[in-house]
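1. curious how this folds, go ahead:
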Amino acid sequence: MFVAGFALGDPDGGAWGQQGFLIAPWILAVPGLVLSYVTAALYVPKIR
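-> Numbering: from 1, shown residues only. Now for the predicted structure:
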């Protein structure tokens, strides 16, 4: 999904919706990345 959002964006023009696809992946990906690191940090010690 993250890469597909960038592929749908058009920075050189196009409709506002196409430019929104350049912003939306970052808004969705950054919290997702943080959550994945937090989950890994909480889960890895339980494995050991």
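2. what about the helices in the chain?
-> Secondary structure of the chain by DSSP state H: the helices cover 2-8, 16-47.
3. rank the ones you listed by pLDDT, which is bottom?
-> Set side by side, those show their lowest mean pLDDT on helix 2-8, which sits at a mean of 69.
4. residues contacting it, please?
-> Taking contacts as CB atoms under 8 Å, 6 or more residues apart in numbering, the residues outside helix 2-8 that touch it are Gln18, Phe21, Leu22, Ala24, Pro25, Leu28, Ala29. (Glycine included, C-beta is placed from N, CA and C.)
5. what about the fifth one, how many residues nearby?
-> Going back to what we said before, that points to Pro25. 19 (other CB atoms under 10 Å).
6. I'd like the distance between it and Gly13.
-> Distance from Pro25 to Gly13, counting by CB to CB, to the nearest Å: 19 Å.
7. next, count neighbours for Ala29.
-> Burial of Ala29, expressed as a neighbour count using other CB under 10 Å, amounts to 15.
8. pull stretch 12-21 out as PDB, backbone CA atoms only.
-> These are the backbone C-alpha positions of stretch 12-21, laid out as PDB (Å, rounded to 0.1, in the frame of the first residue of the first chain):
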ATOM      1  CA  ASP A  12       3.800  18.000 -11.600                       C
ATOM      2  CA  GLY A  13       0.200  18.800 -11.700                       C
ATOM      3  CA  GLY A  14      -3.000  16.800 -12.000                       C
ATOM      4  CA  ALA A  15      -5.900  17.000  -9.700                       C
ATOM      5  CA  TRP A  16      -5.700  17.700  -6.000                       C
ATOM      6  CA  GLY A  17      -6.500  14.100  -5.400                       C
ATOM      7  CA  GLN A  18      -3.400  13.000  -7.200                       C
ATOM      8  CA  GLN A  19      -1.300  15.300  -5.100                       C
ATOM      9  CA  GLY A  20      -3.000  13.900  -2.000                       C
ATOM     10  CA  PHE A  21      -1.600  10.500  -2.900                       C
END
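9. measure the residue nearest to the spatial centre of the chain to Val44 for me?
-> Nearest to the mean C-alpha position of the chain, counting by CA atoms, centre = their mean, stands Ala29 at 1.8 Å. Distance of Ala29 to Val44, given as CB to CB: 22 Å.
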